[in-house]
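*Asks:* got a predicted model here, sequence first, then my questions.
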Amino acid sequence: MRFRLFCLSVLLPLVVHATDGAPLVSPYRMPERKADGWAVMDAANGGWDVDRFAALEAAIAQGDYPGVTSLLVAKDGKLVYERYFNEGGPEVLNDTRSATKSVTSLLVGAAIDRGLIPDAQAKVYGYFADRQPWLNPSPRKDRITLEDLLTMSSAWECDDDNQFSSGNEERMYLSEEWVKFALDLPLRGFAPWMARPEDSPYGRAFAYCTAGSFLLGAVVERASGKPLETFSAEVLEKPLGIAQAQWNHSSEGVGMGGGGTRYRSRDLAKLGQLMVDGGHWQGKPVISAAWVRSALTVHAQAREDADYGYQFWRFRFSVHGRTQGVWAMAGNGGNYVFILPEERLVAVVTRTSFNQRNAHPQSQQMFSDYLLKAMP
């Protein structure tokens with residue numbers, strides 16, 4: 001009896017209450033079945049360690065991971081875990097920031113699927129012949145392809161991680177015409193300590209460039225003849241049963257393919273599930289399997305601990321005791337859609353910890369130490 005009382009004394013702190021009396025941590029409950037296409041499953045009956053979910057909720061409640069608004073996990077096409085925190089909720093449109101870049105990649109794929117763009121080797125500047133002359137003309141510019149932009153490895157001098165870079169996104173946001181800003185960018189050089197493309201893994205020198213992702217969206221607009229959000233609604237969101245989305249625009253009105261699109265958490269999980277299922281949703285094709293394979297193929301090394309596909313990150317985590325690559329849509333503030341096709345796993349983390357240096361490591365830690373370890 002004493003042992004049982006001791007266990008209760010340890011567990012009870014997990015069920016604490018906010019000042020308004022609402023519980024911060026509560027027992028596991030199965031996600032609610034709704035008319036949004038998601039099947040659901042009881043994780044407790046499916047072999048999941050639901051105590052790991054409770055432990056994560058306790059850590060969030062005590063402030064270890066500030067700004068978390070939602071956590072969702074889907075396995076084998078079924079939602080097994082769904083919780084909302086702080087200002088989050090099922091109908092909240094989450095500001096995904098740069099996770100939008102992955103959506104833009106899918107829209108490029110959709111345009112190629114429909115013959116609106118020939119392939120990823122299409123030359124970028126050919127879509128903007130009416131904008132000539134542009135600054136810094138060069139044969140190197142003429143050779144820049146969509147794949148160069150998709151892999152963050154174009155010839156532009158554009159690096160968001162370098163405040164001195166000519167193409168730093170903060171400079172673009174201040175310009176009157178973002179398309180012109182991108183087209184006019186100077187070409188990059190290579191200091192002696194910098195790896196040239198020919199000396200880099202996969203033959204590409206990576207530099208994170210939001211201007212490139214933005215111009216991908218502008219190419220899709222020109223190729224389709226439609227605003228980016230209209231094209232996205234037709235080829236991606238409606239087929240996935242996504243009823244609400246919010247797109248941003250540049251100062252001249254072009255859809256912002258580089259960041260800031262807002263989606264509900266369940267809809268973000270659908271985007272991840274689409275990649276797990278090879279471009280299908282509930283058995284119906286949305287994006288070609290060929291494009292999904294290309295998007296989830298390593299094309300560049302972003303950092304020593306991360307690779308890059310077509311606007312998708314690839315990180316390394318321990319899964320069942322061995323290191324595996326996990327793909328991800330990732331955005332400022334610690335926003336993630338983690339995608340592990342081999343396990344048919346999708347996990348969504350939405351947060352509002354924008355511009356906090358530790359937001360990304362924290363979100364990856366939540367995924368690694370709690371969500372992955374809860375998996376059967």
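*Replies:* Received the coordinates, thanks. Numbering: from 1, shown residues only.
*Asks:* just checking, what's the longest strand in this protein?
*Replies:* strand 322-331 (DSSP state E).
*Asks:* can you give me the strands for the chain?
*Replies:* 39-40, 68-75, 78-84, 94-95, 262-263, 280-281, 284-285, 300-303, 306-308, 313-319, 322-331, 335-340, 345-351.
*Asks:* now these in a markdown table, with distance to Pro186?
*Replies:* (Each C-beta comes from the backbone N, C-alpha and C, glycine too.) What follows is the strands of the chain, written out as a markdown table (distance: least, Cβ to Cβ, whole Å):
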| stretch | distance to Pro186 |
| --- | --- |
| strand 39-40 | 51 |
| strand 68-75 | 39 |
| strand 78-84 | 45 |
| strand 94-95 | 31 |
| strand 262-263 | 33 |
| strand 280-281 | 42 |
| strand 284-285 | 41 |
| strand 300-303 | 21 |
| strand 306-308 | 23 |
| strand 313-319 | 27 |
| strand 322-331 | 27 |
| strand 335-340 | 31 |
| strand 345-351 | 35 |
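*Asks:* tell me which of these sits nearest to Arg143.
*Replies:* Judged by Cβ to Cβ, the one of the strands of the chain that comes nearest to Arg143 is strand 300-303, at 17.0 Å.
*Asks:* pLDDT on the closest one, on average?
*Replies:* Per-residue pLDDT over strand 300-303 has a mean of 97.
*Asks:* send me it as CSV with only the CA atoms.
*Replies:* C-alpha atoms of strand 300-303 as CSV (Å, rounded to 0.1, in the frame of the first residue of the first chain):
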residue,chain,number,x,y,z
ALA,A,300,23.1,18.6,-51.1
GLN,A,301,24.8,18.6,-47.7
ALA,A,302,23.4,21.5,-45.8
ARG,A,303,25.5,21.0,-42.6
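*Asks:* and the angle from the longest strand of the chain to strand 335-340?
*Replies:* Counting by axes from the mean of the first three to the mean of the last three Cα atoms, to 10 degrees, strand 322-331 points 150 degrees away from the direction of strand 335-340.
*Asks:* buried residues in strand 322-331?
*Replies:* Residues of strand 322-331 classed as buried under the neighbour-count rule (16 or more other Cβ atoms under 10 Å) are Gly325, Val326, Trp327, Ala328, Met329, Ala330, Gly331.
*Asks:* ok, stretch 283-296 next?
*Replies:* Buried residues in stretch 283-296 (16+ other Cβ under 10 Å): Val286, Ile287, Ser288, Trp291, Val292, Ser294, Ala295, Leu296.
*Asks:* phi, psi for the last one please.
*Replies:* Just to be clear, that refers to Leu296. phi -100, psi 40 (degrees, to the nearest 10).
*Asks:* tell me the contacts of it?
*Replies:* Met275, Gly309, Phe312, Arg314, Trp327, Ile339, Pro341 (Cβ atoms under 8 Å, 6 or more residues apart in numbering).
*Asks:* returning to that earlier point: quick check: mean pLDDT of the longest strand of the chain?
*Replies:* Strand 322-331 shows a mean pLDDT of 98.
*Asks:* gap between it and the chain center?
*Replies:* Its chain's C-alpha centre and that of strand 322-331 lie 11 Å apart, by Cα atoms, centre = their mean, to the nearest Å.
*Asks:* swap in stretch 146-166?
*Replies:* Distance of stretch 146-166 from the chain centroid (Cα atoms, centre = their mean) equals 18 Å.
*Asks:* and that stretch, how far apart are its ends?
*Replies:* Distance across stretch 146-166, first residue to last, is 20 Å (Cα to Cα, to the nearest Å).
*Asks:* for stretch 346-360, same thing?
*Replies:* Terminal residues of stretch 346-360 lie 17 Å apart, using Cα to Cα.
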